[in-house]
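Visitor: Sequence and computational prediction follow.
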Amino acid sequence: MKNNSISRTLRIAGWPVLLLALAACAPTTPQWDSRFGESVRLVRQQQVLNPDAGGDAPVNGIDGATGRESIGRYRNTFREPPPPATPFAIGVSR
């Protein structure tokens, strides 16, 4: 009698395990897989300012003297780094 009860319990407990194992084999993401990478491609296309760049059109930007001065200031920050800001002075005008 006890052996029969154990086998019945195992059969009852085995069905949910069997169903879960079969469900794990089913493909669940065909819709997602078909559009995989679409968001990355879309964002990359949205970040391109001028897709026809590199042609003979004039460049929109700053003039040479201003560019040279800004590069000089940029390089100077590596020679003489600005003093670190103290946390107590943030937002306080000089």
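Guide: That came in fine, so what should we check first?
Visitor: Of all the residues in stretch 44-55, which ones are buried?
Guide: For stretch 44-55, burial by neighbour count (16 or more other CB atoms under 10 Å) applies to no residue. All C-beta spots, glycine's among them, are computed from the backbone N, C-alpha and C.
Visitor: Let me know the helix or strand that the residue nearest to the spatial centre of the chain is in.
Guide: Centrality entry for the chain: nearest residue to the mean C-alpha point is Val40, 8.7 Å, by CA atoms, centre = their mean. Using DSSP states H and E, Val40 maps to helix 38-46.
Visitor: Can I get the next helix-or-strand element following that helix in CSV? Just the C-alpha atoms.
Guide: Following helix 38-46 in sequence order, the next helix or strand is helix 64-79 (DSSP H and E). The C-alpha trace of helix 64-79 is given here as CSV (Å, rounded to 0.1, in the frame of the first residue of the first chain):
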residue,chain,number,x,y,z
GLY,A,64,40.9,79.3,-38.7
ALA,A,65,42.1,81.9,-36.1
THR,A,66,39.3,80.9,-33.7
GLY,A,67,40.0,77.2,-34.1
ARG,A,68,43.8,77.7,-33.6
GLU,A,69,43.1,79.7,-30.4
SER,A,70,40.7,77.1,-29.0
ILE,A,71,43.2,74.2,-29.7
GLY,A,72,45.9,76.3,-28.0
ARG,A,73,43.7,76.7,-24.9
TYR,A,74,42.9,73.0,-25.0
ARG,A,75,46.5,72.0,-25.1
ASN,A,76,47.4,74.5,-22.4
THR,A,77,45.0,72.7,-19.9
PHE,A,78,47.4,69.7,-20.0
ARG,A,79,50.4,71.9,-19.2
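Visitor: Not counting its own residues, what contacts helix 64-79?
Guide: Gly61, Ile62 (CB atoms under 8 Å, 6 or more residues apart in numbering).
Visitor: Distance from it to the middle of the chain?
Guide: Relative to its chain's centre, helix 64-79 lies at 33 Å (CA atoms, centre = their mean, to the nearest Å).
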